[in-house]
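**Student:** pasted the sequence and its predicted model underneath.
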Amino acid sequence: MSILRDGTHFRACNLCEAICGLKITVHGGRVTDLRGDPDDPLSRGAICPKGPALIDLHADPDRLRAPQIRTKSGWHTHQWDDALDFAVNGLREVIATHSPDAIAFYVGNPTVHNSGTLLGWSSLLKAIGTSQRYSATSVDQLPHHVAAQAILGHHFLLPIPDIDRTDFFFVLGANPIASNGSLMTAPGVRDRIRALQSRGGRLVVVDPRRTETAAIADEHYFITPGTDALLLLAMLHVIFTEHLVDLGRLADCTDGLQTLAHLVADFSPHNVSARCGIRADQIIALARSFAGANRAVAYGRMGLSTQAFGGLCQWLIIVLNSVTGNLDEPGGAMFTEPAFDLVRMSRSRQPVRRSRVRGLLEFDGEFPVATLADEILTPGPGQIRALITIAGNPVLSTPNGTRLDEALASLDFMLSIDPYRNETTRHAHVILPPAVGLETEHYDAVFHHFAVRNTARVNEPIAILDEDQRYDYQIFAALSQRLGASASPTPMQRIDAALAAGPRATSLAELRAHPHGVDYGPLRSVLPERLCTEGKRINLVPPTITSDLARLAAQSAPKDTLLLIGRRQLRSNNSWMHNTPRLMRGADRCTIIMNPGDAADRSLTDGELVEIATENGQITVPLEVSSEMMPGVVCLPHGFGHNRDGIQLDVASEKPGASYNDLTGGLAIDTLTGNAALNGIPVHVTRASGQASMRDASSDDREHHLAR
Ligand SMILES: Nc1nc2c(c(=O)[nH]1)N[C@H]1C(S)=C(S)[C@@H](COP(=O)(O)OP(=O)(O)OC[C@H]3O[C@@H](n4cnc5c(=O)[nH]c(N)nc54)[C@H](O)[C@@H]3O)O[C@H]1N2
Ligand SMILES: Nc1nc2c(c(=O)[nH]1)N[C@H]1C(S)=C(S)[C@@H](COP(=O)(O)OP(=O)(O)OC[C@H]3O[C@@H](n4cnc5c(=O)[nH]c(N)nc54)[C@H](O)[C@@H]3O)O[C@H]1N2
Ligand code: SF4
Ligand SMILES: [Mo]
């Protein structure tokens, strides 16, 4: 195990998008104090209960610290050289028997939280020469990229809510109080919302659940899952019919207003009200107050992206901000000017390739992960025969996990670069575990890009690695070189070069001289200069997107069924932080929540075990009955299901829960973008046969109450 260096260290937490600065004190190799760094210009001392879990992660006895090879007799620890040779031989054999394209990559979420992983893995991709790429993007934010590329010309040019200066924060399908913010790096978000309210501003939340964020909102509206595009269209309908449109400063470079007026004409509040479950007069009032606010911003996240109309939703969010004069204005939806500028460094490409089995369109070189199992299980030329997973757990995180589980078991070869043997990596023939968390050197290339303030900081490792530990990028480099590639610059060398060429013309050395981070100030208006479209114009009605309106109009309400949505929990992080004891204390958190009326209709009571069933599978979890749910909607967290054989996660296995994605199907996607539709799926909930309640703790132990 690596040894923590004694002293006081400053580095940012890399567990979630909030990137809180931390002050960490180490004595005798142990962390004696860990708190928010008050001098970090972005986080200003904010921290959440997950931050201290970095200590658990460092000490976790289940975390792999040496390569593991699986044989018939089980898992065996190996020297790095042997394991790297074994991995490369396995890959070579697949290339020789099939082709490089028979090897696919799945790249998971923590990749964007570790710059060594983020900037290292493509060397291995190139060395292999495959074009088969999948990632967590298509179970997450893909619709944001599709909309930004179509309207603004670049998939990384994402508008960020200027939460610190707005008067009206309109939040749809996001729960920043639990998630700590997403595509809105806003550490200490609760304080930022409090500041908004104390300067007279309002927080309005649209969500099928009265979430932790809705609970502190000035107004909250329940909405039927999957109908937000209708609500947004109806708000635009009001804005057009009542002549409230005001493009502001960007009027001269914005196209498509007339077409837009025409497109929203059919979607009156009256027409959509029943489908959305929101009264027409409320929709009208919402539109008027949003358009009338001095500075307003609409923001939609997972609940809008991972549903059947994710692409339309993210398009309409940008449009609503634009037609009310809130795009690129203080207090509206703004753009960052990050020191490491992803927009300058890459180009958006028009997708051309389609996936082999289902003909789904690629985006930025990746295919939708909802079809990965199809590509593995369907025989024929081009079939995937080997998989490399990097920082991902798709068995729990992607649709139809049960089928993917089976698909992974059928592969000729699988390599995982991951610190844990979990539900996915247990299928690998070899696991190469990297150093993680406090051990890494890290620059937040992604989250400074999506932050509510322009800042930069570099994070030094605070541990001295064991002789036989490796970083992700060293693993990729060692594999690539064995495959014949020449050495490439290290991630930190690449970051240094990009910082020099970026808008701040800075360097790692300069950032290292500022251990709390460098403050470049609040977001500034940057359009039209920063647009990447032809002629630097904004097209509000890209045909690739508006053509999807017909599908929306044709959609009818599902009958006689409950709709399932997800929830994030403050002391959890997707599938992989359930092995940290301090986050797992208390009652079982993998519960389904149901409205009292729905429970009464089914004669179900709080605390009993229920079975949730879809056409794809069924799981059993305890029931919580609460009026925080909209009638007709039930809610379950994802990332549980730690009861599969062969995993090495002792703490997680004690409260395994069940996996949401054993219920979702690969066919449920937003066909416009290829993103998985994880929310709003029809389910049946019944009493679990012959089982007594296993829930032990009282309901006030529930995390979402604690989080308030
Ligand atoms: N504590 C914690 N923090 C995290 C994570 C975690 O697992 N735990 N994960 C991180 C990751 S990877 C991400 S992407 C972010 C996500 O960050 P958020 O998007 O803020 O997180 P969610 O809690 O998924 O919020 C989605 C909300 O959408 C609602 N919803 C579901 N369906 C619909 C719908 O059809 N319409 C509307 N209007 N709302 C709907 C849900 O009730 C939920 O409140 O969080 C990050 N932060
Ligand atoms: N039903 C449902 N499904 C969802 C979601 C939902 O809301 N509902 N949310 C989706 C979202 S937003 C996301 S982002 C995905 C996440 O999906 P994934 O990224 O596939 O899954 P994670 O649970 O984040 O698993 C992360 C893996 O990375 C490993 N890891 C951690 N740190 C490092 C590191 O530094 N290096 C390496 N090499 N490995 C590391 C962990 O051990 C773990 O195996 O899940 C998606 N799935
Ligand atoms: S909010 Fe919590 S998990 Fe996220 S960066 Fe801050 S301390 Fe870490
Ligand atoms: Mo995510």
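**Tutor:** Thanks, I have it. Ligands and ions are numbered 1, 2, ... in the order given.

**Student:** dump the residue contacts of the residue in the chain positioned nearest to ligand 1.
**Tutor:** Closest to ligand 1 within the chain is residue 303: 2.2 Å, counting by Cβ to the nearest ligand atom. From N, CA and C alone the C-beta is placed, and that goes for glycine too. Residue 303 sits next to 172, 173, 174, 207, 208, 225, 228, 565, 679 when contact means Cβ atoms under 8 Å, 6 or more residues apart in numbering.

**Student:** just checking, which of these belong to strands?
**Tutor:** In this view, the contacts of residue 303 that belong to strands under DSSP state E are 172, 565.

**Student:** now, which of the contacts of residue 303 sits nearest residue 600?
**Tutor:** Distance to residue 600, by Cβ to Cβ, is smallest for residue 208 among those, at 19.0 Å.

**Student:** hmm, the closest one is touching residue 226, no?
**Tutor:** No: using Cβ atoms under 8 Å, residue 208 is not in contact with residue 226, being 9.5 Å away.

**Student:** overlap in contacts, these two.
**Tutor:** Joint contacts of residue 208 and residue 226 (Cβ under 8 Å, 6+ apart) are residue 563.

**Student:** any idea how far the spatially most central residue of the chain is from residue 589?
**Tutor:** In the chain, the centroid-proximal residue (Cα atoms, centre = their mean) is residue 140; its distance is 4.8 Å. Separation of residue 140 from residue 589 (Cβ to Cβ, to the nearest Å) stands at 21 Å.

**Student:** how close does residue 448 get to residue 512?
**Tutor:** 16 Å.

**Student:** got the residues of the stretch 501-650 of the chain near ligand 1?
**Tutor:** Within the stretch 501-650 of the chain, the residues that sit near ligand 1 (Cβ under 6 Å from any ligand atom) are 565, 566, 567, 568, 569, 570, 572, 573, 574.

**Student:** pLDDT weak spots in the protein?
**Tutor:** Counting by pLDDT under 70, the ranges of the chain that qualify are 690-708.

**Student:** mind giving me the domain ranges of it?
**Tutor:** The chain breaks down by automatic domain parsing into domains covering 3-59, 68-139+344-519, 162-334, 571-707.

**Student:** give the contact list for residue 160.
**Tutor:** Counting by Cβ under 8 Å, 6+ apart, residue 160 has contacts 183, 184, 333, 334, 335, 336, 450, 451, 452, 523.

**Student:** the third one contacts residue 326, correct?
**Tutor:** Yes: using Cβ under 8 Å, residue 333 is in contact with residue 326, at 6.1 Å.

**Student:** which residue packs closest to residue 344, ignoring adjacent ones?
**Tutor:** Sequence neighbours aside, residue 502 is the residue nearest to residue 344 in space, at 6.7 Å (criterion: Cβ to Cβ, 6 or more residues apart in numbering).

**Student:** next, count neighbours for that neighbour.
**Tutor:** By other Cβ atoms under 10 Å, the residues close to residue 502 number 19.

**Student:** next: residue 239.
**Tutor:** 23.

**Student:** and the nearest residue to residue 113 once chain neighbours are set aside, how many neighbours?
**Tutor:** Spatial nearest neighbour of residue 113, excluding adjacent residues (Cβ to Cβ, 6+ apart): residue 14 at 4.4 Å. As a burial measure, residue 14 scores 23 neighbours (other Cβ under 10 Å).

**Student:** and for the one 3 residues further on?
**Tutor:** Using other Cβ under 10 Å, residue 17 is surrounded by 22 other residues.

**Student:** before we move on, what about residue 115?
**Tutor:** Residues near residue 115, counting by other Cβ under 10 Å: 26.

**Student:** can you check the one 10 residues further on too?
**Tutor:** Using other Cβ under 10 Å as the criterion, residue 125 is surrounded by 21 other residues.

**Student:** ok, residue 491 next?
**Tutor:** With other Cβ under 10 Å as criterion, residue 491 counts 26.

**Student:** surely it is in contact with residue 119?
**Tutor:** Yes: with contact defined as Cβ under 8 Å, residue 491 counts as touching residue 119 (3.7 Å).
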